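Participant: Could you look at this predicted model? Sequence included:
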Amino acid sequence: MNEISPGNDPGNDAVAQAAQRLLSASAHRIPCPPVRDLIGSDDVKAAYAVQELLTAHRLEAGGQVTGRKIGLTSPAVQRQLGVAQPDFGVLFADMSVPDGGSVPVAELLQPKVEVEIAFVLGADLADGPLDDARIRDAVAQAVPALEIVDSRIADWDITFGDTVADNGSSALYVLGSSARPLTDYEPVEADMTLKRHDETVSTGNGAACLGDPLAALGWLARTARDVGDPLRAGQVVLSGALGPMVPAAAGDVFTADISGLGSVSVRFHAARPEGVSA
């Protein structure tokens, strides 16, 4: 595991130390203490500086960015985590899991599942006005999605600063096999049901996501442009949870249904014992 350097500015020491703590937790799959002792609980600039360091580290290792995720859009999830504003993280190609695929729990730390509407962009959101019409027109299709979130911080003991630094507490994502253009679909009208096996474990709707998943996409488009890394055509955006997230364990099979959009599923399995072949 390569060390993260603060560079030539001693003022970056705390940011580099926070990034290193999270990187070590991920590499060794051992949750770490919160990083707010280093960067504070609500210092937005410092938190995103940590995220940027970890993103750069991943890119240097060959990672490929596929889009962004928006977090903390649902009041239910905000209450669960004790925060009160949205955030964003970066999606990478190796975070994608096929619809119906299986995830080894041993490669995660403390995973949870939440249901989202994903948007695949057909146009850049970089220049000019980013009003509601422009945001809607930029979406090539809406897709049912699951996000598997996973905090590197022990016991999910996070503040806004902790989760932003930890790439929005992201881990993996699953896109469903169905898709619809926005010419005949309104994300805000969606109803969602998430089942673990045959038991309903979470419900919600489009209005739970910042009032409208497209409003969440608009927030991200403007924020991403403001920080100098605008959204681009072809990228995937996970627009935020439609309801409460639920813990996942080996043996669990989750299936989400989003009205008018379709379903998406994932299963979790224990790692195969060393030396045992399939």
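Facilitator: Thanks, I have it.

Participant: Tell me which residues of stretch 161-181 come out buried.
Facilitator: 161-176, 179 (16 or more other CB atoms under 10 Å). Every residue, glycine included, has its C-beta placed from N, CA and C.

Participant: Those in strands, which ones?
Facilitator: The strands, defined by DSSP state E, take in S170, A171, L172, Y173, V174, L175 from those.

Participant: Reformat those into TSV and put distance to G101 next to each item.
Facilitator: Converted to TSV, these look like this (distance: CB to CB, whole Å):
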residue	distance to G101
S170	17
A171	14
L172	9
Y173	11
V174	7
L175	11
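
Participant: show me where the protein has strands.
Facilitator: Counting by DSSP E, residue ranges of the strands within the chain are 65-71, 87-92, 96-97, 102-104, 111-121, 139-150, 170-175, 191-196, 199-205, 236-241, 246-247, 253-258, 262-269.

Participant: Find the least confident helix or strand in the protein, judged by mean pLDDT.
Facilitator: One helix or strand of the chain scores below all others by mean pLDDT, DSSP states H and E: helix 75-81, with a mean of 68.

Participant: coming back round to it: hey, which of the strands of the chain is tucked in deepest?
Facilitator: strand 236-241 (a mean of 27; mean count of other CB atoms under 10 Å).

Participant: what residues does stretch 227-240 touch?
Facilitator: Contacts to stretch 227-240, defined as CB atoms under 8 Å, 6 or more residues apart in numbering, come from residues 48, 65-74, 86, 91, 116-126, 138, 145, 147, 173, 175, 187, 209-210, 213-214, 216-217, 220-221, 224-225.

Participant: re the thing from before, can you redo the strands of the chain as CSV, where the extra columns are mean pLDDT?
Facilitator: Formatted as CSV, these follow (pLDDT from 0 to 100):
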stretch, mean pLDDT
strand 65-71, 97
strand 87-92, 97
strand 96-97, 98
strand 102-104, 97
strand 111-121, 97
strand 139-150, 98
strand 170-175, 98
strand 191-196, 98
strand 199-205, 97
strand 236-241, 96
strand 246-247, 97
strand 253-258, 98
strand 262-269, 98
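
Participant: Would you mind giving those as a markdown table with distance to L38 added?
Facilitator: As requested, the strands of the chain are exported to a markdown table (distance: least, CB to CB, whole Å):
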| stretch | distance to L38 |
| --- | --- |
| strand 65-71 | 21 |
| strand 87-92 | 18 |
| strand 96-97 | 31 |
| strand 102-104 | 30 |
| strand 111-121 | 25 |
| strand 139-150 | 21 |
| strand 170-175 | 20 |
| strand 191-196 | 35 |
| strand 199-205 | 33 |
| strand 236-241 | 27 |
| strand 246-247 | 27 |
| strand 253-258 | 34 |
| strand 262-269 | 32 |
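
Participant: With V35 as the reference, name the closest of the ones you listed.
Facilitator: V35 lies closest to strand 87-92 among those, at 14.3 Å (CB to CB).

Participant: Quick one: work out the angle between the closest one and strand 170-175.
Facilitator: Strand 87-92 and strand 170-175 meet at an angle of 70 degrees, taking axes from the mean of the first three to the mean of the last three CA atoms, to 10 degrees as the criterion.

Participant: Counting by contacts, list what strand 87-92 packs against.
Facilitator: helix 44-60, strand 65-71, helix 160-165, strand 170-175, helix 213-226 (3 or more CB pairs under 8 Å, 6 or more residues apart in numbering; DSSP states H and E).

Participant: right, so of these, which gets closest to D198?
Facilitator: Counting by CB to CB, and looking across all of those, nearest comes strand 170-175 at 19.4 Å.

Participant: what does that closest one contact?
Facilitator: Contacts of strand 170-175 (CB under 8 Å, 6+ apart): 69, 71, 89-91, 95-99, 101, 103, 108, 111, 118, 143-150, 236, 238, 264-266.

Participant: In contact with S151, which residues?
Facilitator: With contact set as CB under 8 Å, 6+ apart, S151 has these partners: P31, L109, Q110, I158, D162, T163, D166, S169.

Participant: Let me know how buried the fourth one is, in neighbour terms.
Facilitator: Just to be clear, that refers to I158. 23 (other CB atoms under 10 Å).

Participant: coming back round to it: distance to D43 and pLDDT added to the contacts of S151, as a markdown table?
Facilitator: Converted to a markdown table, these look like this (distance: CB to CB, whole Å; pLDDT from 0 to 100):
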| residue | distance to D43 | pLDDT |
| --- | --- | --- |
| P31 | 22 | 97 |
| L109 | 24 | 97 |
| Q110 | 25 | 97 |
| I158 | 14 | 91 |
| D162 | 11 | 95 |
| T163 | 13 | 94 |
| D166 | 14 | 98 |
| S169 | 17 | 95 |
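
Participant: That concludes my questions; thank you for your assistance.
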